[in-house]
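Below is the sequence, then the predicted model.
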Number of protein chains: 2
Amino acid sequence: MEEQFDICDYINMKEEEVKEVIRNIPSEDKLYNLSDLFKVFGDKTRIKVLYALSVTEMCVCDIARLTEMTQSAISHQLKTLKASKLVKYRKEGKATFYSLADDHVKTILEQGKNHIEE
Amino acid sequence: MEEQFDICDYINMKEEEVKEVIRNIPSEDKLYNLSDLFKVFGDKTRIKVLYALSVTEMCVCDIARLTEMTQSAISHQLKTLKASKLVKYRKEGKATFYSLADDHVKTILEQGKNHIEE
DNA sequence: CTTACATATGAGCAATTGTTCATATGAACT
DNA sequence: AGTTCATATGAACAATTGCTCATATGTAAG
């Protein structure tokens, strides 16, 4: 059995706790999805968009206008938000209206706000 | 008054909604803090660490061992987590024991998990 | 079928990020 | 003092990211 990490010699934990920690750490797959989801929230522009959409559905051009970003930048970001299933959309003529996909979005934003506001 | 964004001509919203959207978008300062907080969750290694610490406090070397990362990588990440007030620590001899700063951490992870698991 | 408008998208670039490696700090023990 | 162990930190590098710019797609109206 070879050491692959340059870490300390002793384990400062009870055998039982070690097992529970290992059991508690999600699978690589889940970690990947989870971090990917939070990455999406980790950008000012996207958070602005989400807050805007938490009021009402909006077309791309109005999102751009109210967030003070270019149409292109917003369009790129909406693609990201769509990929994470945080927003959905419907087409109406030339316009595309975006809205929040579900209530998780608001809840996650709310929890984040709680943390920074204390 | 000059146009600074290459967006559409019309506003597809009621005057009232425009006002509410503007009111609802957080200040630059708050957006900065919020996105910065979520950025911290946006990394597999840091999420692993947080899940590990959600079981029990642990010293750096044990975190490294159980997350299968190097001591240095973990130490750097703990610095980030500390800066966001997601973890706290106490020193005991040569070792430093880290633990979750509060329950928001678990709640935020929980909400994220809820979103990806549907 | 043109033209105009709304949105999407690809390439390119600067900025940010996570890891590794080497080294520094600091505590405990001889 | 010197040695060992646990942790922290700085520099460097590859990888990722968010924007801009130019252009493509698609819809509606003339």
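Great, that's in hand.

show me where pLDDT drops low in chain A?
Across chain A, residues meeting the criterion (pLDDT under 70) sit at A:1-7.

How about the residues of it by DNA strand C?
Residues of chain A found near DNA strand C (Cβ under 7 Å from any atom of the strand) are A:59-61, A:71-72, A:75-76, A:78-79, A:89, A:94-97. Heads up, the C-betas are built off the backbone N, CA and C, glycines and all.

cutoff 10 Å now
A:4-6, A:35, A:39, A:42-43, A:58-65, A:70-79, A:82-83, A:89, A:91-98 (Cβ under 10 Å from any atom of the strand).

separation between the closest residue to A:Cys59 other than its chain neighbours and DNA strand D?
What sits nearest to A:Cys59 in space, not counting adjacent residues and going by Cβ to Cβ, 6 or more residues apart in numbering or on different chains, is A:Ala95, at 4.3 Å. Computed as Cβ to the nearest atom of the strand, to the nearest Å, the A:Ala95 to DNA strand D distance reads 9 Å.

quick one: contacts for A:Ala95?
By Cβ atoms under 8 Å, 6 or more residues apart in numbering or on different chains, the contact set of A:Ala95 is A:Cys59, A:Val60, A:Cys61, B:Asn12.

Sort out for me which of these are in helices.
Among the contacts of A:Ala95, the members falling in helices (DSSP state H) are A:Val60, A:Cys61.

farthest pair in the contacts of A:Ala95?
A:Val60 and B:Asn12 (9.9 Å; Cβ to Cβ).

ok, these two, which is more surrounded?
Applying other Cβ atoms under 10 Å in any protein chain shown to A:Val60 and B:Asn12 shows that A:Val60 carries more neighbours, namely 19 against 15.
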